[in-house]
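> turn this into a model:
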Amino acid sequence: MDASSGVIAFLAHISFLKSPLPDGWRSTRYYWLLLAEGHLNRRQFGAMLGRIALLPLRTG
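Next up is the predicted model:
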């Protein structure tokens with residue numbers, strides 16, 4: 001599995017989460033749609049990964 005297919009699998013998993021979604025996760029569906037349709041460019045992809053990295057992690 002290369003890195004891009006890992007990201008696609010991760011986004012697919014996130015896109016099926018039920019509401020309410022934490023702030024920042026709501027736009028994940030938009031990025032997943034862009035990625036699936038092939039309209040996600042390198043700059044948008046980098047911004048998406050940056051936003052994912054800033055999200056708080058659940059503990060416990």
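> pull the contacting residues for residue 45.
When contacts are counted by C-beta atoms under 8 Å, 6 or more residues apart in numbering, residue 45 touches residue 35. Any C-beta I mention is one placed from the backbone N, CA and C, and that applies to glycine too.
> need the helix or strand of this structure with the lowest average pLDDT.
Sorting the helices and strands of the chain by mean pLDDT, DSSP states H and E puts helix 3-15 at the bottom, at a mean of 63.
> just checking, what packs against the helix or strand following it?
Sequence order places helix 28-37 as the next helix or strand after helix 3-15, per DSSP states H and E. Packing partners of helix 28-37 (3 or more C-beta pairs under 8 Å, 6 or more residues apart in numbering; DSSP states H and E): helix 3-15, helix 42-54.
> quick one, helix 28-37 and helix 42-54 angle?
With axes from the mean of the first three to the mean of the last three C-alpha atoms, to 10 degrees applied, the angle from helix 28-37 to helix 42-54 works out at 140 degrees.
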